[in-house]
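Undergrad: here is a sequence with its predicted model. Questions after.
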Amino acid sequence: MKKRIVSCIVLLTVWLQSAQAITNDSLFNEICSIVDNNFYDSTFSGTDWPSLKQSYKKKTAGATTRVSFTSLINEMLSGLHASHTSYYTADDLFYYQLSDIFKESPILSPSICKAFPNCIVK
């Protein structure tokens, strides 16, 4: 269950990004905080998560486009070897699919409705 929660929570960072101007650094920190606090495996699948984060913090700081930042974040998350942990943006089909699937969730609905007028996912 927590695997799904992490993927949905990481999706929420996209709504934060769309709602306000946000820097790569602050978005990186938010994503890492979500993983730190919600990842299903306290050993992070045997990965040295602190070192992985440190390595990618430097890489993402130099990202000059949203596409390159997203790619780097997903590279980092893939190091956790968890199939349900990804970072989706409005450029991804899954962003819309997950938004539509979870728009009825009492926990996620308020965030989804902020991102999509009238809670209609298009």
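TA: Great, that's in hand. Computed from a prediction, not measured in an experiment: that's the story for all the values here.
Undergrad: so which helix or strand takes in residue 88?
TA: For residue 88, there is no helix or strand it lies in under DSSP states H and E.
Undergrad: surely it and residue 95 touch.
TA: Yes. Under the criterion of CB atoms under 8 Å, residue 88 makes contact with residue 95 at 4.2 Å. No exception for glycine: its C-beta is placed from N, CA and C like everyone else's.
Undergrad: and stretch 67-81, how far from the chain's centre?
TA: Its chain's C-alpha centre and that of stretch 67-81 lie 10 Å apart, by CA atoms, centre = their mean, to the nearest Å.
Undergrad: hang on, I meant stretch 28-39
TA: Worked out by CA atoms, centre = their mean, stretch 28-39 lies 8 Å from the chain centre.
Undergrad: list the buried ones in that stretch?
TA: Neighbour-count burial for stretch 28-39 flags 28, 30, 31, 32, 34, 35, 38, 39 (criterion: 16 or more other CB atoms under 10 Å).
Undergrad: how about stretch 66-73?
TA: Those would be 69, 70, 72, 73, for stretch 66-73 by 16+ other CB under 10 Å.
Undergrad: now the buried residues of stretch 28-39 as TSV including pLDDT?
TA: Listed next are the buried residues of stretch 28-39 as TSV, based on pLDDT from 0 to 100:
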residue	pLDDT
28	96
30	91
31	93
32	95
34	89
35	93
38	88
39	90
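Undergrad: out of those, list just those in helices.
TA: Among the buried residues of stretch 28-39, the members found in helices (DSSP state H) are 28, 30, 31, 32, 34, 35, 38.
Undergrad: between these, which is nearest residue 45?
TA: Nearest to residue 45 among these: residue 35, at 11.2 Å, using CB to CB.
Undergrad: quick revisit: mind putting the buried residues of stretch 66-73 in JSON lines, distance to residue 50 and secondary structure included?
TA: Output for those, formatted as JSON lines (distance: CB to CB, whole Å; DSSP: H, G, I helix; E, B strand; the rest coil):
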{"residue": "69", "distance to residue 50": "21", "secondary structure": "helix"}
{"residue": "70", "distance to residue 50": "22", "secondary structure": "helix"}
{"residue": "72", "distance to residue 50": "17", "secondary structure": "helix"}
{"residue": "73", "distance to residue 50": "17", "secondary structure": "helix"}
